[in-house]
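> heads up, no residue letters with this:
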């Protein structure tokens, strides 16, 4: 019996290590990816690198409480800052249609990307829960159903102009995320 428990413990440790092995550490090259944005247009990471920092944040679901707070804080940041040395991109398991509703409802002024199977999140080591989920929201006075097949954890990365990850936060608090990002970017540019 003792050997069986030890074997189960070792197997559990191997699973945890395998899950963490995919995490991309600070200082490493950001994994390239291709997906579509809220308008269904192709979006390739390597085409958005160079000349500025890229804030890449993963969030669980469009039009939910914490995700809306986080997105609106980035919207307001872009609206109030004159600093164009960074680009903000949000990624979730939502469909492009859901993302367009989210962008419209909250007047978001940055790109939202669709990661319906969670592959992009997994490439960055972000935990993903797969399975169909549906919520109903009102957009422009009309009730809409938002479906997603992947729900990611809330993580934020900053990629420098050379394509390296220079910041990773895997314990993001939605309301403070943009403050932490701006603090990092301010010190990175000094």
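Good, I have the coordinates. Keep in mind it's a predicted model, so treat the numbers as computed, not measured.
> switch to C-alpha atoms for all contacts and neighbour counts from now on
Fine.
> Who is the residue most central in space within the chain paired with across the strands?
In the chain, the C-alpha closest to the average C-alpha coordinate belongs to residue 58, at a distance of 1.3 Å (CA atoms, centre = their mean). Beta bridges link residue 58 to residue 91, residue 155 when assigned by DSSP bridges.
> swap in residue 138?
residue 143.
> List the contacts of the residue nearest to the centre of the chain.
Contact partners of residue 58, counting by CA atoms under 8 Å, 6 or more residues apart in numbering, are 90, 91, 92, 121, 126, 152, 153, 154, 155, 156.
> okay, among those residues, which ones form the most distant pair?
Spatial extent of the contacts of residue 58 (CA to CA) is set by the pair 90 and 126 at 13.5 Å.
> Just the helices from the chain, written as ranges.
Here the chain has its helices, by DSSP state H, at 2-21, 65-80, 96-106, 119-123, 177-189.
> Confidence-wise, which of the ones you listed is weakest overall?
Ranked by mean pLDDT, the helices of the chain end with helix 2-21 in last place, scoring a mean of 39.
> rewinding a little: quick one: which of the contacts of residue 58 has the most company?
residue 92 (30 neighbours; other CA atoms under 10 Å).
> ok, it touching residue 59?
Yes. With contact taken as CA atoms under 8 Å, residue 92 and residue 59 are classed as touching, separated by 5.5 Å.
> so what's in contact with these two at the same time?
With CA under 8 Å, 6+ apart, residue 92 and residue 59 have common neighbours 151, 152.
> what's the distance between residue 43 and residue 59?
18 Å (CA to CA, to the nearest Å).
> Give me the more crowded residue out of the two.
residue 59 (27 against 17).
> The residue nearest to the more buried one when sequence neighbours are not counted: what's it in contact with?
Among residues not flanking residue 59 along the chain, residue 154 sits closest, at 4.6 Å (CA to CA, 6 or more residues apart in numbering). Residue 154 makes contacts with 57, 58, 59, 60, 170, 171, 172, 174, as judged by CA under 8 Å, 6+ apart.
> What of residue 130?
117, 118, 149, 150, 151.
> is it in a bridge, and if so with what?
residue 150.
> Kind regards, and thank you for your time.
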